[in-house]
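Q: structure, please.
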Amino acid sequence: MHERISSRGKVALVLQGGGARGAYQVGALKAIAEITRKKRSPFEIVCGASAGAINAAPIAVMAQDFQVATWHLEKLWRQLRCTSIYETRSLTLLMGSARWARKLVAGAAGLQTMGGLLDYRPLRDLLEKEFNRRRLDQAIHSGALHALCITTSSYSQSIAVSFFEGSENISDWQRARRVGRRTRLEPKHLLASSALSFAFAPVEIGGEFYGDGSLRSTSPLSPAIRTGADKILVIGTRDEWHWSAHEGLPTGPPTFGDVAGHALDILFNDNLEADVERMLRINETLALIPEHVRHKSNLRPISSRLLTPSRDLRDLAKQHADDLPRTIRMLMKLVGAWHHDGRLESYLMFEPAYVGDLIDLGYSDTMNQAEDLIDFLG
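A: Residues are numbered from 1 along each chain as shown. Model prediction:
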């Protein structure tokens, strides 16, 4: 981490996963557009994984007009429903089908097992409609965009793969269980990055199978660093952790649904927060090293800011839980997550009221830090 790269100072935007919580990032970006009031994007490097990849793409593609990019992204999210992301009508049949269960477990009758509980065709169609290849080429050639990085998890090689496109002076990289691979980005890369394990089937790219980018992303800030960032703005999707008194903790054992919600929490957030802390520690260490010695190291200080929700998004999700499609509510009840802590719903609920509240919260939280962000973004 913190490899020395010869480059002028650049600001990177890092958007990690979070399912429906990605709407919070949209609100934050809307506020940043209002704070900066600039047409050209303040982010020359844009990196995303999972739902963060879906948000990263339009910000990068429309780097020449950041104001329009954030307006379009908000409009898109406010129109979403669960059926815009995954097919729900057939879920009841799948849940009640013994034949589907046999296929899932053993591939009965010589049929291939299904790759996921939910059909991602609506999301695939949406990404193919929204991704503008021509605008991405223009953003790169104009210099408004230095790099776009989309991180996926390779099931074939058990590594994190960051597909990137951008300036010709960016080289491929290989680190511990993570690689950077230059490619011509397409909607299938975004789909692969957001193909949540178990929920969605893997996506085939070049003969390999890929899934959710957060799954093996042990160092989410690495793609931004490797492509030349000197400053990194991270927009998270989980509130800051606070110690809970024993009397405030659940008294019963967790259900399967509770465990699934915690698994998503870990997948989307833990590595990101740990990587930000690691960067801060390295910066503090470098500050103690005299300047005439520091240049001998392959490390360099990198400024960073982490924006996170000011309130627990599980509470928002519980308020809107009844907005979920009937089949998803049935699934929640089946796995023991219905009317629990709201964690699982907070990641799966792509419904207007909940999405709108997240956008508004992201906007408000970010506007409250306007002065600091103006200084940070220059």
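
Q: quick one: Ala28 from Ile159, how far?
A: In this structure, Ala28 and Ile159 are 30 Å apart, going by Cβ to Cβ, to the nearest Å. C-betas here are computed from N, CA, C, even on glycine.

Q: please identify which of those two sits among more neighbours.
A: Ala28 (29 against 16; other Cβ atoms under 10 Å).

Q: and the more buried one, that one's in a helix?
A: Yes: under DSSP: H, G, I helix; E, B strand; the rest coil, Ala28 sits within a helix.

Q: was I right to think it contacts Tyr363?
A: Yes: applying Cβ atoms under 8 Å as the test, Ala28 and Tyr363 come out as touching, 7.0 Å apart.

Q: quickly find the element holding Gly181.
A: That one is not Gly; residue 181 is Arg. Secondary structure assigned from DSSP states H and E places Arg181 in strand 178-182.

Q: what residues does that strand touch?
A: 149, 159-165, 170, 172-174, 216-219, 222-223, 226-227 (Cβ atoms under 8 Å, 6 or more residues apart in numbering).

Q: quick check: bridge partners of the residue nearest to Ala56 when sequence neighbours are not counted?
A: Among residues not flanking Ala56 along the chain, Gly48 sits closest, at 2.9 Å (Cβ to Cβ, 6 or more residues apart in numbering). On the basis of DSSP bridges, Gly48 is bridged to Leu15, Ile150.

Q: now for Gly48, how many residues are close by?
A: Neighbour count for Gly48, taken as other Cβ under 10 Å: 31.

Q: swap in the one 10 residues further on?
A: Other residues lying near Pro58 total 23 when counted by other Cβ under 10 Å.

Q: show me what contacts it?
A: By Cβ under 8 Å, 6+ apart, the neighbours of Pro58 are 69, 72-73, 76, 130.

Q: of those, just say which sits nearest to Ser84.
A: Closest approach to Ser84 among the contacts of Pro58 (Cβ to Cβ): Leu76, at 9.2 Å.

Q: one step back: any of the contacts of Pro58 buried? List them.
A: By neighbour count, with 16 or more other Cβ atoms under 10 Å, the contacts of Pro58 hold 69, 72-73, 76, 130 as buried.

Q: looking at those residues, which are in strands?
A: Of the buried ones among the contacts of Pro58, none are assigned to strands by DSSP state E.

Q: what is the most widely separated pair among these?
A: Spanning the widest gap among the buried ones among the contacts of Pro58 are Ala69 and Glu130, at 11.6 Å by Cβ to Cβ.

Q: now do the contacts for the residue nearest to Ala56.
A: By Cβ under 8 Å, 6+ apart, the neighbours of Gly48 are 14-16, 54-57, 149-151, 193, 213.

Q: and those residues, which are buried?
A: For the contacts of Gly48, a burial check counting by 16+ other Cβ under 10 Å picks out 14-16, 54-57, 149-151, 193, 213.
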